[in-house]
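Student: sequence and predicted structure, then a few things I'm wondering about:
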Amino acid sequence: MVRQEIWALLTTHYAIRNLMHQAADGAGLDPDRMSFVRSLRVVRRLVTDQAAFPPDRMATARARALAETAERPNPARRHRTCPRAVKRHRLGPHRIKHHGDTSTRHSGPHTPKPRNAAVQVPD
């Protein structure tokens, strides 16, 4: 029974992410700008509204969900990175955060470069 519930949650999560991706693609936006919580609320509302729906109204409900999901995207992300650090030292690989630590701003999207890559892929 627990396994079935986990699969149901994972399938629902995938379906909502797929809806977000389709909404972003249709609006010409980056999928990262879609809000998962907003999409979840839209789906919850439409599912309960359509509890006794006839199958021919499914396309209308899907189009409405896509439109509402893409209606208010999140603001564009700032181009910055912050080094991984922890506030208090516990056993782990991360360094301790210091008072003067700041984030690094980039002129465009940051493209991380691998440090000690074990496998080099030729261009």
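Tutor: Okay, I see it. Here the structure is a predicted model, which is why all the values come from computation and not from measurement. Numbering: from 1, shown residues only.

Student: quick one, longest helix in the chain?
Tutor: Longest helix in the chain by number of residues, with DSSP state H as the criterion: helix 2-27.

Student: any idea which helix or strand comes after that helix?
Tutor: Where DSSP states H and E defines the elements, the next helix or strand beyond helix 2-27 is helix 36-49.

Student: can you name every helix or strand that the longest helix of the chain contacts?
Tutor: Applying 3 or more CB pairs under 8 Å, 6 or more residues apart in numbering; DSSP states H and E, one finds that helix 2-27 makes contact with helix 36-49, helix 58-71. (C-beta placed from N, C-alpha, C; glycine too.)

Student: the ones you listed: which one's closest to Ala24?
Tutor: Of all the helices and strands packed on helix 2-27, helix 58-71 sits nearest to Ala24, with 6.6 Å by CB to CB.

Student: who touches the closest one?
Tutor: 19-20, 22-24, 26-27, 29, 34, 38-39, 42-43, 46, 49-50, 53 (CB atoms under 8 Å, 6 or more residues apart in numbering).

Student: just the buried residues out of those residues, in PyMOL syntax.
Tutor: Of these, the buried ones go into a single PyMOL selection, burial set by 16 or more other CB atoms under 10 Å:
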select buried, resi 19+20+22+23+24+27+34+38+39+42+43
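
Student: got the contact list for the residue most central in space within the chain?
Tutor: Closest residue to the average C-alpha location of the chain: Asp32 at 5.4 Å, with CA atoms, centre = their mean. Each residue near Asp32 by CB under 8 Å, 6+ apart is listed here: 74, 77.

Student: any idea how far it is from Pro73?
Tutor: Applying CB to CB, to the nearest Å, the value for Asp32 to Pro73 is 9 Å.

Student: picking that back up, could you give the angle of the longest helix of the chain to helix 36-49?
Tutor: Between the axes of helix 2-27 and helix 36-49, defined by axes from the mean of the first three to the mean of the last three CA atoms, to 10 degrees, the angle is 110 degrees.

Student: could you give the angle of helix 2-27 to helix 58-71?
Tutor: In terms of direction (the same axes, to 10 degrees), helix 2-27 departs from helix 58-71 by 70 degrees.
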